[in-house]
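K.L.:
With the input below, show me the fold.
(2 chains)
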Amino acid sequence: GAVVSQHPSWVICKSGTSVKIECRSLDFQATTMFWYRQFPKQSLMLMATSNEGSKATYEQGVEKDKFLINHASLTLSTLTVTSAHPEDSSFYICSAFGGVEETQYFGPGTRLLVL
Amino acid sequence: GEDVEQSLFLSVREGDSSVINCTYTDSSSTYLYWYKQEPGAGLQLLTYIFSNMDMKQDQRLTVLLNKKDKHLSLRIADTQTGDSAIYFCAETLTGTASKLTFGTGTRLQVTL
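P.N.:
Predicted coordinates for the structure are as follows:
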């Protein structure tokens, strides 16, 4: 139980395009999902907290117009990187809060490369 | 503010015990976690401890918490090559029950 999936697992796109990443909790409902960004050999940085049916709460320094988050249902949150640039290349990981242990369960991550 | 520190690297021989350490600064932590991340993958929750506990054991894993010194450790008994990964400690703070603050990560290398 408590499985979280992400799609796609990796994506390569041209500079200026937008990329959508999906995060799904497969066997539990998650009122709260989180989006993290991880640079090579570094820790996870929280980007935003997403609550079902309401606007996401962004961490300081994260552009809300650049990273659009939608949490339309209790099992799905999406992160859209708008007008992506090479500096947006990173590993994006989502997590969903809930499950039996009432903790965060992490997705496998999405590697984004912007050319 | 929140600051969670870990040593960067640890190398152990297969079969030995590994001890990964973590220090944190915020005394209002409620839960402390250990996660494992293999290359190119997400995070796997290994274990967690509530802040009013001193120790928790789960099979090969033992977590020790010294709240006075704000020090957390993860001991892996009989370390195997499959344990090679990056290990992150993380904390949640009172009043922010689900927001995690991660440590810097420790890369564990298991040699034959």
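
K.L.:
what sits against B:K70?
P.N.:
The contact partners of B:K70, by C-beta atoms under 8 Å, 6 or more residues apart in numbering or on different chains, come to B:T23, B:Y24, B:T25, B:S27. Heads up, the C-betas are built off the backbone N, CA and C, glycines and all.

K.L.:
I misspoke; the intended subject was A:T31.
P.N.:
By C-beta under 8 Å, 6+ apart, the residues touching A:T31 are A:N51, A:E52, A:L74, A:F97, A:G98.

K.L.:
hmm, 6 Å instead?
P.N.:
A:E52 (C-beta atoms under 6 Å, 6 or more residues apart in numbering or on different chains).

K.L.:
and it, how far is that from A:G53?
P.N.:
Counting by C-beta to C-beta, to the nearest Å, the gap from A:T31 to A:G53 is 9 Å.

K.L.:
again, but for B:P39
P.N.:
36 Å.

K.L.:
low pLDDT regions in the chain?
P.N.:
No chain in the question, so chain A it is. Along chain A, segments meeting pLDDT under 70 span A:1.

K.L.:
um, chain B though
P.N.:
In the predicted model of chain B, residues B:1-2, B:94-97 satisfy pLDDT under 70.

K.L.:
now the strands for it?
P.N.:
B:4-6, B:9-13, B:18-24, B:29-37, B:43-50, B:55-58, B:61-66, B:71-76, B:85-93, B:96-102, B:106-111 (DSSP state E).

K.L.:
Distance check, A:V11 against chain B.
P.N.:
Using C-beta to the nearest C-beta, to the nearest Å, we find A:V11 at a distance of 14 Å from chain B.
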